[in-house]
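Undergrad: Sequence plus the predicted model coming up.
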Amino acid sequence: MRNLKLSLTAAVLGSTAMMSPAFADGHLTIVDEPLELTIHMHWPRSQGYQEDYPVELAAREMTGIHLIDQTAGANSTDSGEAMNLLLAQGNLPDIVGGHLIRQPVNEYGPQGAFLPLNDLIAEHAPNIQAYFDDHPEVFNSMQAYDGNIYYIPYLPDGLFGRAWFIRQDWLDALGLEQPQNVDELYETLVAFRDQDPNGNGVADEVPFFSRAWEEAIRLVTLWGARTSGSDTYHDFYVNADGMVTHGYSEVAYRDGLSNVANWYAEGLIDAEIFTRGSSSREFLLSENLGGVTHDWFASTSGYNAALADEIPGFNFIPFLPPEDINGVRFEEHRRIPVKPDGWAISFSNEHPIETIRYFDFWFTEEGRLMSNFGVEGDTWNMIDGEPVFTDEVLDSDRAVNSQMYEVGAQIQRGYWQDYRYEWQWTAEAAREGIELYMANDLLLPIFLGVAFTEDEQAVYDRYWPSIRTYMLERQQAWVLGTGDVVEDWDDYAETLDDMGLQDVLGVMNQAYARQYGG
Amino acid sequence: MAELDRTAEAEPATYTINQPTRMERIIDHLKADWQIYLLLAPTVIWMLLFLYKPMYGLQIAFKDYSVFRGIAASPWVGFEHFETLFTNDQFIRAIRNTVTISALGLFFGFPVPILLALMFNEVLSQTYKKVTQTIVYLPHFISSVIIAGIVITAFSPSAGIVNSLLNWLGLDSIYFLTRPEWFRPIFIGTGIWQEAGFSSIVYLAAISGVSPTLYESAVVDGASRWQMMWKITLPSILPTIIIMLIIRIGNILEVSFEMIILLYQPATYETADVVNTFIYRQGLQGGQYDLAAAAGLFNAVVAFILVMSANSISKRFSRTSLW
């Protein structure tokens, strides 16, 4: 049945390909005879690669390469599990792609499961090579410990992720200005707590809240401390001396956390921040309780429209990060330019050159537009040299990204995202905020991670998970008022060293120097 | 049963000599009762496939396991993973927490279904009995995620019913789920609430199997309901109770960890982090299956020792045992 369906599709395609004038010049053709390649593609939105994606059908016409779904673990939503299942089976499909493939690909690539791509890219993939020439740090970050790269990543576009948001209408009601530094932020939060900005006569306001308790910890950045160097919480970062280090082992963090604990004790931070969970933003905003948060531009701006009828005057807008105690204004969170998602070529692939040329197709102008916006004429049109979504897509009840996933665009193949895709459906308030953030120099260098040798990995695995657990335990305890961070600090620092922090930082820096030529 | 075993051990010689006849006997058995063996077959096949075959994989506890290389081709590393585990203070703490949570859970949780069963047995009104039974069975059928949501809400410092009660009594609110000292009572209490009703079914079944003649003669002898419960019902279901106890003891290292993951915080790791959650977190840092297998093997060995000792103690003192 399945085969019949496939050959039918192929027959229909064959005929449309001959008639279709749009791609008639064939400058993107990779193979003259149609070539079928099998693919594993497991990612959160779909546990498989649908062979009837309009984008796949169009790419097939343009390149002659036809992807056949052979995804393992389709009954699980855990992509890591699916990957392990696939590897354990042994016979890999030609292309292995999807969510979170970096770790397995870089671990099993050197063992022979995946092909090193360096030479293939240099010889057959001019467009991918051009990207790496422009972004050497991305190339470096992708290397496995043997110095080769084993996958073509999903490369997100856009710089800012999270921003500071405040209830501008509350500020107006209390006659306050947007806070410009730590002290003003403190006064603003106190005013939100005490002066009943929501006007219901009850002191029920929650001055600072967040969907993630880690954002309350990130307030330490106001005292010059660091919590992460990437878009993942509690990650390492590269300090001013070019060394990899961890924010939670530094004195600035002690002072910052001591102040955060005070803010928490004074009721300026949501008392239930540790258990309220992911619905807290929805709840606290719609109940007219929340004042300030640090959250994603697009989704947080959306509440202005959603709550306009329920809460008269509701105006929750981005404001610039307040200056820290040293007078520096920075935004610690930023989007990461390279994701651990994408695709790789397995050792059993008999057509590596055609495959890398196919990967390269998605980095050509046509391929990139299609991977971002879908098929031209269906979901978007070129207007004055800019790809613009059709009104049908933009005015739909459903989010643009969900619509894209269904046509096979924005899925986790190796591709380079185009920020114009997101900008078109970003709310006006968020656009203004992003422009405000862009106009100021707020970003810090990003830490893109390192690839360990097996020995380094052993040191990291042996010590780091326990150290991290200990750091987080103490962190929450201090914020909740069990113990005092300043008093406990010497003990804490000593325990971190006893637990092997210096060994972990040692292998981190060793790997970092090797990989980034530090 | 035990006597049979002993004869088999004491006389190995007869064993070999009798083998052909033994074989014939087995075939005769199979022929005579083939329907029963047929019914048994799916379970035996299931056990072989899902419980015995995976034991082959246990060896990765002693290997540097690579999914791609496969079990056979991964190099041996001896006891390295066990060393890693036992030199880690957090693993030791996790074992301590697991045993404490389980032991407390057993102590407080084990009698509850028995009490419930005895109480249901004494209820006269059929309607009342059915309604209450349904109410206490119900939580068993709710998923852990929802139960955890209910618990988090009930113990919330601002809107939770528990803190509202405390406030009403003039006490201060407590942020229960971030307090290490409150984690165990909440976790164990939740477990009892969720499972006690459903677990009582086994005991109710045992009670319904007690011969009515015992009660009839007791009534003739003028026994009160209380005396009948103590002298007839309880002793009659004692074997069931002991079997259930032995099973529970064997599972003492198996705390329902998905519930813990839903309820714990770094702030409560001190009392809440159990072996399985520890492994879950360690494993997340790069799929360390070999290390997780080592911890799982350790769990299994401890469970085996516990079941064996519980069984032999029970055999010696109450003459009831699993085998």
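TA: Cool, got the structure.
Undergrad: tally of neighbours for residue A:152?
TA: Using other Cβ atoms under 10 Å in any protein chain shown, residue A:152 has 26 other residues around it. No exception for glycine: its C-beta is placed from N, CA and C like everyone else's.
Undergrad: could you pull out the helices for the stretch 151-300 of chain B?
TA: B:161-168, B:180-208, B:212-220, B:225-228, B:234-250, B:257-263, B:269-272, B:275-284, B:289-318 (DSSP state H, counting those that start in this stretch).
Undergrad: Residue numbers of the stretch 101-250 of chain B in contact with chain A?
TA: Residues of the stretch 101-250 of chain B lying near chain A by Cβ under 8 Å from any Cβ of the partner chain: B:152, B:156-158, B:175, B:177-178.
Undergrad: same thing but 10 Å
TA: B:149, B:151-153, B:155-160, B:173, B:175-180 (Cβ under 10 Å from any Cβ of the partner chain).
Undergrad: Going through those residues, which ones are buried?
TA: Buried residues within those, counting neighbours by 16 or more other Cβ atoms under 10 Å in any protein chain shown: B:151-152, B:155-157, B:160, B:175-180.
Undergrad: Which SSE is immediately downstream of the helix or strand encompassing residue B:115?
TA: Assigning secondary structure by DSSP states H and E places residue B:115 in helix B:111-122. Next along the chain after helix B:111-122, taking DSSP H and E as the criterion, comes helix B:126-137.
Undergrad: chain center to stretch B:135-153: distance?
TA: In terms of Cα atoms, centre = their mean, to the nearest Å, the centre of stretch B:135-153 is found 19 Å from the chain centre.
Undergrad: Flag every buried residue along it.
TA: Applying a neighbour-count criterion of 16+ other Cβ under 10 Å, one finds B:136-137, B:139, B:144, B:147-148, B:151-152 buried in stretch B:135-153.
Undergrad: Would you single out the least confident of the helices of the stretch 151-300 of chain B?
TA: Sorting the helices of the stretch 151-300 of chain B by mean pLDDT places helix B:275-284 lowest, at a mean of 78.
Undergrad: what angle separates that helix from helix B:289-318?
TA: 170 degrees (axes from the mean of the first three to the mean of the last three Cα atoms, to 10 degrees).
Undergrad: quick one on the thing from earlier: name the pair among the buried residues of stretch B:135-153 with the greatest separation in space.
TA: Pairwise distances across the buried residues of stretch B:135-153 (Cβ to Cβ) peak at 23.2 Å, for the pair B:137 and B:152.
Undergrad: okay, the helices of the stretch 151-300 of chain B in a markdown table with distance to residue A:470 next?
TA: Below are the helices of the stretch 151-300 of chain B laid out as a markdown table (distance: least, Cβ to Cβ, whole Å):
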| stretch | distance to residue A:470 |
| --- | --- |
| helix B:161-168 | 30 |
| helix B:180-208 | 15 |
| helix B:212-220 | 60 |
| helix B:225-228 | 55 |
| helix B:234-250 | 32 |
| helix B:257-263 | 18 |
| helix B:269-272 | 9 |
| helix B:275-284 | 12 |
| helix B:289-318 | 18 |
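Undergrad: quick one: which of those is nearest residue B:108?
TA: Nearest to residue B:108 among the helices of the stretch 151-300 of chain B is helix B:180-208; the distance by Cβ to Cβ comes to 5.9 Å.
Undergrad: Show me where the stretch 201-350 of chain A has its helices.
TA: Taking DSSP H, counting those that start in this stretch as the criterion, the stretch 201-350 of chain A contains helices spanning A:214-217, A:251-265, A:280-286, A:297-306.
Undergrad: Of these, which stretch is the most buried?
TA: helix A:214-217 (a mean of 21; mean count of other Cβ atoms under 10 Å in any protein chain shown).
Undergrad: Could you check how far that one is from the centre of its chain?
TA: With Cα atoms, centre = their mean as the basis, helix A:214-217 stands 18 Å off its chain's centre.
Undergrad: other SSEs contacting that helix?
TA: helix A:251-265, strand A:290-296, helix A:454-480 (3 or more Cβ pairs under 10 Å, 6 or more residues apart in numbering or on different chains; DSSP states H and E).
Undergrad: Moving C-terminal from the longest one, which element do we reach first?
TA: By that I understand helix A:454-480. Once helix A:454-480 ends, the next helix or strand along the chain (criterion: DSSP H and E) is helix A:485-498.
Undergrad: quick one: average confidence on that following helix?
TA: For helix A:485-498, the per-residue pLDDT averages 96.
Undergrad: Go through the next helix or strand after that helix and flag the buried ones.
TA: Downstream of helix A:485-498, the first helix or strand assigned by DSSP H and E is helix A:501-516. By 16+ other Cβ under 10 Å, the buried positions in helix A:501-516 come out as A:501, A:503-505, A:507-512, A:514-516.
Undergrad: Could you see whether chain B lies near helix A:501-516?
TA: No: Helix A:501-516 lies out of reach of chain B by Cβ under 10 Å from any Cβ, never closer than 11.7 Å.
Undergrad: which helices and strands sit right next to that helix?
TA: By 3+ Cβ pairs under 10 Å, 6+ apart, helix A:501-516 packs against helix A:136-142, strand A:237-238, strand A:244-245, helix A:454-480, helix A:485-498.
Undergrad: at 6 Å what do you get?
TA: Here helix A:501-516 is seen to pack against strand A:244-245, helix A:454-480 when contacts are counted using 3 or more Cβ pairs under 6 Å, 6 or more residues apart in numbering or on different chains; DSSP states H and E.
Undergrad: and among these, the most buried is which?
TA: Between those, strand A:244-245 has the highest mean count of neighbours, a mean of 22, where neighbours are mean count of other Cβ under 10 Å.
Undergrad: For the nearest residue to residue B:307 once chain neighbours are set aside, give its distance to chain A.
TA: Residue nearest to residue B:307 in three dimensions, not counting chain neighbours: residue B:250, with 3.8 Å by Cβ to Cβ, 6 or more residues apart in numbering or on different chains. Distance of residue B:250 to chain A, computed by Cβ to the nearest Cβ, to the nearest Å: 28 Å.
Undergrad: Test my guess that residue B:250 contacts residue B:303.
TA: Yes: under the criterion of Cβ atoms under 6 Å, residue B:250 makes contact with residue B:303 at 5.0 Å.
Undergrad: More neighbours: the two, which one.
TA: Between residue B:250 and residue B:303, counting by other Cβ under 10 Å, residue B:250 is the more crowded of the two (20 against 16).
Undergrad: what's the angle from the helix holding residue B:115 to helix B:126-137?
TA: Regarding helix B:111-122 and helix B:126-137, their directions subtend 160 degrees when assessed with the same axes, to 10 degrees.
Undergrad: Ok, which of the helices of the stretch 151-300 of chain B comes nearest residue A:87?
TA: Residue A:87 lies closest to helix B:289-318 among the helices of the stretch 151-300 of chain B, at 11.4 Å (Cβ to Cβ).
Undergrad: What residues sit buried inside that closest one?
TA: Quick answer for helix B:289-318 (16+ other Cβ under 10 Å): B:289-299, B:302-303, B:306-307, B:310-311, B:314.
Undergrad: Please apply the same query to stretch B:116-126.
TA: Of the residues in stretch B:116-126, B:116-118, B:120-121 count as buried by neighbour count, 16+ other Cβ under 10 Å.
Undergrad: Including mean pLDDT, could the helices of the stretch 201-350 of chain A go into TSV?
TA: Rendered in TSV, the data for those read as follows (pLDDT from 0 to 100):
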stretch	mean pLDDT
helix A:214-217	96
helix A:251-265	97
helix A:280-286	93
helix A:297-306	87
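Undergrad: Tell me how far residue A:152 lies from chain B.
TA: Per Cβ to the nearest Cβ, residue A:152 is found 20 Å from chain B.
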